[in-house]
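Q: My questions concern the predicted model and sequence given below.
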Amino acid sequence: MVDFGKTDYFNAMDPPKKIIPVKELSHKEIGISSKMGDVLQGLKSDIIAGASHVEIGFMGQGKGSLGQGNTTPEMFDKRKREEVRQLGKINGVSLSTHASVRMSGWSGFNPQAPGGGGFSEKQANENLMELKRTIDFAADTAEGGAIVIHTGEFPRNVKDKRFNVEPEEESNVYFADPITGKIEATPKGELLQIPKWKRDKNGNYLNINDEIIKDPTDTLSRMPEKDEEGRLIFRKMSYKDFKNEINEWNNKKPDQQRDVDREWYAMFRSDRWEVSYSMGAQYWEAMKRHQESVKELTKEQEYWKHFESKAVGEEGMESIRRAFNDKHQSKLKKGEKPSDFYTKHLENTKKEIIRDKEGYLGYEKELQKARALMDRLETIEDVGLKRSAKTIAKAAMYALAVEKEKKLEKSLFIAPENMFAEMGYGSHPDELRKIVVKSRSAMVDELKKKGMNVKEAKKVAKDHIKATWDIGHGNTWAKYFEENPDLSPTENKKVFDKWMIKELTKLTDEGIIGHVHVSDNFGYEDEHLSPGMGNAPINEFVKMLKNKKYEGNIIVEWGAQGQDEPYGAMLAAWANVAGSSMYRVEGVGLNPTWSDLEGGGYFSGGSTPRMLFGPYATAMSKDFQLWSYSDAPIE
């Protein structure tokens with residue numbers, strides 16, 4: 001047996017101290033995200049450190065600046081791209097790409113849009129242009145593989161009731177206009193003054209003519225009740241009260257179901273239409289009164305015309321005038337007949353009817369506009385998801401075209417990544433699934449237009465749109481998980497972990513996940529701790545992936561590691577996730593593991609010395625060089 005000083009040979013099958021690695025996983029199956037900056041220099045350091053896969057990412061948008069760290073794909077010219085490609089290929093290091101981390105959301109959602117935010121085709125196209133730059137870079141350097149993009153598509157209410165991301169009273173009801181892209185956000189925390197609607201004895205709503213409204217969801221046709229003094233009657237209602245009332249209706253009338261959120265929106269926006277309700281009704285009533293007046297005036301005119309026709313001479317007509325004046329306490333003008341009086345009044349009354357009609361129609365038009373908007377509005381998820389899918393499908397179609405043009409052996413695939421609950425749609429497993437499925441469907445439609453059959457189109461779409469699951473991002477949902485008061489915090493966290501692994505297993509079985517990011521935290525913020533140094537269920541996740549024959553990359557992301565441990569995240573992953581076998585010198589006792597190297601360091605310090613990494617490693621004695629060198633003593 002060879003004597004390595006204070007240390008014996010051991011492997012990952014030896015009893016671990018704290019963390020159980022995934023024994024089926026090799027350290028060569030774990031890649032690393034490269035530091036932002038000069039991509040070529042970063043890649044060199046990553047290779048020297050022993051990375052077998054490197055994900056190259058960017059920070060900037062628009063015009064880049066290396067000095068300010070605002071790097072973009074277009075900053076790196078053909079020669080540098082070719083050097084990156086060759087450097088990876090010569091060293092057997094595969095590559096993937098991450099679009100600018102400052103870009104998120106592919107629906108074109110713009111919170112600064114007039115009226116409180118909306119979807120913008122222009123914004124979506126600008127994001128697409130940025131993504132195309134990354135696709136071009138990925139084709140030139142990685143020659144295929146994942147192109148990671150951040151989600152965060154639009155605001156929404158989390159449907160999964162196991163999570164309390166936002167108290168209901170502080171949340172909104174969201175709808176969107178599919179034509180204009182405008183978002184209608186209605187707070188649930190308001191107390192609304194809702195009219196008491198006219199109803200018949202069976203509870204059916206009545207319209208302006210006291211007729212039953214066939215569609216009970218047609219809030220704009222309802223008429224409010226009035227009190228004895230003619231004032232509208234209102235009730236104060238919270239969202240909860242309103243919801244209970246509509247649920248009661250739905251239980252009693254299953255064939256006339258009503259949408260709580262849609263009607264809440266209608267009631268909240270009713271201040272726009274209440275004037276139309278009252279003024280329209282006033283004009284309508286005035287028009288009906290004037291129409292009755294026309295009937296009465298016409299009848300009176302015919303009455304007096306009859307006597308006028310019987311009058312004999314001027315004396316007879318004068319007698320009729322006196323009778324008319326006595327009856328109406330008025331005086332006809334000289335030569336004027338009673339029928340002339342009615343003709344004039346009929347003309348004026350008919351003019352009033354026209355004005356009433358115009359007034360009524362004006363307010364009715366406003367109601368019709370509101371009704372058209374109500375009919376047109378869709379949930380923000382339906383509108384936003386469609387727009388996200390459209391952009392992602394366009395990106396995937398472009399990637400496919402570049403891939404064919406450059407005759408790449410590997411598929412370039414767009415990989416939407418789950419973010420944090422607070423960032424909006426796309427962070428929950430169900431939401432990420434819908435983005436991928438909808439985007440694939442949109443790509444299939446585009447491929448069919450080009451003459452591809454459905455079966456082949458579905459396969460191509462599946463190969464070119466796959467999700468990235470970031471286990472660290474997913475773990476931050478733990479802070480919103482509804483806790484069982486009968487369990488301890490640790491037990492509740494285990495329940496959450498079990499839920500997440502179950503959801504990720506489904507995503508894997510469905511072929512949704514194609515790329516993985518790994519970092520750790522304690523369930524609150526995305527701190528990018530080294531794997532195994534927080535409480536994210538990383539090993540359970542990786543083990544599930546291995547059991548499911550997952551073939552994508554697993555990328556360790558750096559972030560919280562100190563200046564003296566630039567590759568601490570990768571070492572921790574090797575130690576705590578892969579558990580690879582090793583030799584080592586200057587050990588810290590018997591049965592050492594990669595954890596000793598990652599946590600204890602060569603000199604029993606807090607981490608591995610920085611001089612062993614990057615360009616500085618070549619200046620050190622061979623005894624302290626990393627395993628990436630041909631004669632390094634560490635296996």
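A: Perfect, I can see it now. Numbering: from 1, shown residues only.
Q: okay, and the helix or strand of this structure with the least pLDDT?
A: When each helix and strand of the chain is scored by mean pLDDT, DSSP states H and E, helix 594-595 comes last, with a mean of 48.
Q: what pLDDT does Leu220 get?
A: Leu220 carries a pLDDT value of 78.
Q: For it, which residues are in contact?
A: 266, 273, 367, 370-371, 374 (Cβ atoms under 8 Å, 6 or more residues apart in numbering). Bear in mind the C-beta positions are built from the backbone N, C-alpha and C, glycine included.
Q: Give me the subset of the residues you listed lying in helices.
A: 266, 367, 370-371, 374 (DSSP state H).
Q: Make a markdown table out of those and add pLDDT and neighbour count.
A: Listed next are these as a markdown table, based on pLDDT from 0 to 100; neighbours: other Cβ atoms under 10 Å:
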| residue | pLDDT | neighbour count |
| --- | --- | --- |
| Ala266 | 84 | 23 |
| Leu367 | 74 | 16 |
| Ala370 | 76 | 18 |
| Arg371 | 76 | 17 |
| Met374 | 81 | 19 |
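Q: Please identify which two of the residues you listed are farthest apart in space.
A: Ala266 and Leu367 (11.7 Å; Cβ to Cβ).
Q: Phi and psi next, for Val148.
A: As for Val148, its main-chain torsions (degrees, to the nearest 10) stand at phi -80, psi 140.
Q: so what pLDDT did it get?
A: At Val148, the model reports a pLDDT of 98.
Q: Ala395 versus that one, what's the distance?
A: Noted for Val148: a distance of 12 Å to Ala395, by Cβ to Cβ, to the nearest Å.
Q: I'd like the domain boundaries of the chain, if you could list them.
A: Following automatic domain parsing, the chain resolves into domains at 178-272, 276-376.
Q: would you list these in JSON lines and tack on distance to Leu432?
A: Conversion of those to JSON lines gives the following (distance: least, Cβ to Cβ, whole Å):
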{"stretch": "domain 178-272", "distance to Leu432": "21"}
{"stretch": "domain 276-376", "distance to Leu432": "28"}
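Q: just to revisit the earlier point, any idea which of the ones in helices among the contacts of Leu220 is closest to Lys337?
A: Nearest to Lys337 among the ones in helices among the contacts of Leu220, counting by Cβ to Cβ, is Leu367 at 44.6 Å.
Q: ok, now which ones touch Pro521?
A: Careful, residue 521 is Asn and not Pro. 472, 475-476, 527-529, 534-536 are the contacts of Asn521 under Cβ under 8 Å, 6+ apart.
Q: Go again with 10 Å.
A: 471-473, 475-476, 478, 527-529, 533-536, 559-560 (Cβ atoms under 10 Å, 6 or more residues apart in numbering).
Q: Give the buried subset of those as a PyMOL selection command.
A: Of these, the buried ones go into a single PyMOL selection, burial set by 16 or more other Cβ atoms under 10 Å:
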select buried, resi 471+472+473+475+476+478+528+529+533+534+535+536+560
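Q: which ones among the contacts of Asn521 are found in helices?
A: 471-473, 475.
Q: returning to what we had before: now for the contacts of Leu220, which pair is the farthest apart?
A: Maximum distance among these (Cβ to Cβ): 11.7 Å, for Ala266 and Leu367.
Q: circling back: would you format the ones in helices among the contacts of Asn521 as a markdown table with distance to Thr186 and pLDDT included?
A: Output for those, formatted as a markdown table (distance: Cβ to Cβ, whole Å; pLDDT from 0 to 100):
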| residue | distance to Thr186 | pLDDT |
| --- | --- | --- |
| Ile471 | 35 | 98 |
| Gly472 | 34 | 97 |
| His473 | 29 | 97 |
| Asn475 | 32 | 98 |
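Q: now the residues you listed as CSV including distance to Leu25?
A: Supplementary listing: the ones in helices among the contacts of Asn521 in CSV, determined by distance: Cβ to Cβ, whole Å:
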residue, distance to Leu25
Ile471, 14
Gly472, 18
His473, 21
Asn475, 19
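Q: Return the member of those nearest to Glu130.
A: His473 (21.2 Å).
Q: so who does the closest residue to Gly523 other than its chain neighbours touch?
A: Leaving out its chain neighbours, the residue that sits closest to Gly523 by Cβ to Cβ, 6 or more residues apart in numbering is Ala478, at 3.3 Å. Counting by Cβ under 10 Å, 6+ apart, Ala478 touches 163, 492-493, 495-497, 499-500, 521-524, 535-537.
Q: again, 8 Å this time
A: With contact taken as Cβ under 8 Å, 6+ apart, Ala478 is in contact with 493, 496, 523-524, 535.
Q: Give me the below-cutoff pLDDT ranges for this protein.
A: For the chain, applying pLDDT under 70 flags the ranges 1-24, 115-116, 271-280, 563-564, 579-635.
Q: Look up the closest residue to the spatially most central residue of it, ignoring the ones flanking it.
A: Geometric centre of the chain, nearest residue: Tyr425, 2.6 Å, by Cα atoms, centre = their mean. Distances taken as Cβ to Cβ, 6+ apart place Glu153 nearest to Tyr425, at 4.1 Å, with adjacent residues excluded.
Q: So the one you found lies in a strand, does it not?
A: No. Glu153 is assigned coil when assessed by DSSP: H, G, I helix; E, B strand; the rest coil, not a strand.
Q: Out of the ones in helices among the contacts of Asn521, which is nearest to Asn204?
A: His473 (50.0 Å).
Q: My understanding was that that closest one contacts Glu527; is that so?
A: No. Using Cβ atoms under 8 Å, His473 is not in contact with Glu527, being 11.3 Å away.
Q: At which residues are the strands of the stretch 201-350 of the chain located?
A: In the stretch 201-350 of the chain, the strands defined using DSSP state E, counting those that start in this stretch lie at 234-237.
Q: which residues in it form helices?
A: 239-252, 260-268, 274-310, 313-328, 338-376 (DSSP state H, counting those that start in this stretch).
Q: Compute the inter-axis angle for the shortest one and helix 338-376.
A: By that I understand helix 260-268. Helix 260-268 runs at 140 degrees relative to helix 338-376, counting by axes from the mean of the first three to the mean of the last three Cα atoms, to 10 degrees.
Q: Quick one: list the elements packing against helix 260-268.
A: Helices and strands touching helix 260-268, by 3 or more Cβ pairs under 8 Å, 6 or more residues apart in numbering; DSSP states H and E, are strand 172-176, strand 183-187, strand 192-195, helix 239-252.
Q: distance between the host helix or strand of Asp382 and the chain's centre?
A: When elements are assigned from DSSP states H and E, Asp382 belongs to helix 380-405. Put simply, helix 380-405 sits 15 Å off its chain's centre (Cα atoms, centre = their mean, to the nearest Å).
Q: What angle do strand 172-176 and it make with each other?
A: Angle between the axes of helix 380-405 and strand 172-176 is 50 degrees (criterion: the same axes, to 10 degrees).
Q: which of the residues in helix 380-405 are buried?
A: Those buried within helix 380-405 under the rule 16+ other Cβ under 10 Å are 380-381, 383-400, 402-403.
Q: quick one: it to strand 183-187, angle?
A: For helix 380-405 against strand 183-187, the angle by the same axes, to 10 degrees is 140 degrees.
Q: hey, C-alpha coordinates of stretch 502-514 in PDB?
A: C-alpha atoms of stretch 502-514 as PDB (Å, rounded to 0.1, in the frame of the first residue of the first chain):
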ATOM      1  CA  LYS A 502     -42.800  15.200  -6.000                       C
ATOM      2  CA  GLU A 503     -43.500  18.200  -8.400                       C
ATOM      3  CA  LEU A 504     -40.000  17.900 -10.000                       C
ATOM      4  CA  THR A 505     -40.500  14.200 -10.500                       C
ATOM      5  CA  LYS A 506     -43.600  14.900 -12.500                       C
ATOM      6  CA  LEU A 507     -41.800  17.600 -14.500                       C
ATOM      7  CA  THR A 508     -39.000  15.100 -15.200                       C
ATOM      8  CA  ASP A 509     -41.400  12.300 -16.200                       C
ATOM      9  CA  GLU A 510     -43.200  14.700 -18.500                       C
ATOM     10  CA  GLY A 511     -40.000  15.600 -20.300                       C
ATOM     11  CA  ILE A 512     -40.200  19.200 -19.200                       C
ATOM     12  CA  ILE A 513     -36.800  19.600 -17.400                       C
ATOM     13  CA  GLY A 514     -33.800  19.600 -19.700                       C
END
